[in-house]
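Peer 1: got a structure for you, letters missing:
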């Protein structure tokens with residue numbers, strides 16, 4: 001318990017030092033932040049594209065991220081769920097201590113997670129997925145999906161939406177980042 005607390009304190013201190021780089025020097029920021037997350041125990045295949053310093057990692061070593069993942073501000077990656085205790089008490093079966101489900105989260109390649117989304121324990125998000133802002137995601141999300149809402153529902157295919165966006169690429173509302 002002390003080790004985990006110390007680890008989290010170090011993480012938050014180092015993350016605070018990186019915050020001024022976020023937005024100003026995004027490539028440098030992500031290189032350093034990815035290294036910090038790996039040091040904390042996050043498993044990575046490739047390099048995530050962007051992870052906000054405001055993302056809440058519940059348990060680092062139960063999270064797996066892949067290439068080109070984008071995780072926006074205020075996203076929560078939740079690897080525990082203590083509602084099991086509440087359910088047992090409702091059945092009249094009060095446990096002597098709190099009991100939790102502890103499950104990993106896996107996020108595939110080229111996934112965008114919008115601001116304020118909550119990724120629940122045991123979630124597996126496959127490749128090429130867009131998660132809408134504020135969505136609550138649980139279970140297995142198949143590749144080429146757009147998911148929105150609470151609870152998260154698949155509303156379409158990412159490739160279908162991308163074809164429509166591709167036709168609008170020269171529109172005045174398109175912003176291209178600098179390299």
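Peer 2: It's in. This is a predicted model, so every value here is computed, not measured.
Peer 1: Please state the mean pLDDT value computed over stretch 62-71.
Peer 2: Across stretch 62-71, the average pLDDT comes to 98.
Peer 1: Would you mind listing where this protein has pLDDT under the threshold?
Peer 2: Applying pLDDT under 70 to the chain picks out residues 1, 170-179.
Peer 1: how about the helices in it?
Peer 2: Under the criterion DSSP state H, helices of the chain are mapped to 2-18, 26-40, 83-90, 158-167.
Peer 1: ok and the first one relative to helix 26-40, angle-wise?
Peer 2: It refers to helix 2-18. 170 degrees (axes from the mean of the first three to the mean of the last three C-alpha atoms, to 10 degrees).
Peer 1: Which elements pack onto helix 2-18?
Peer 2: Helix 2-18 is packed against helix 26-40, with contacts defined by 3 or more C-beta pairs under 8 Å, 6 or more residues apart in numbering; DSSP states H and E. The C-beta positions use only the backbone N, C-alpha and C, and glycine is treated the same way.
Peer 1: And for the helix it packs on, what's in contact with it?
Peer 2: Identification of contacts with helix 26-40 by C-beta atoms under 8 Å, 6 or more residues apart in numbering yields 7, 11, 14-15, 18, 21-23, 44, 47-51, 53, 57, 60-61, 65, 177.
Peer 1: What's the ChimeraX syntax to select whichever of these are buried?
Peer 2: Those of the contacts of helix 26-40 that count as buried under 16 or more other C-beta atoms under 10 Å are selected in ChimeraX with:
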select :11,15,21,22,44,48,51,57,60,65
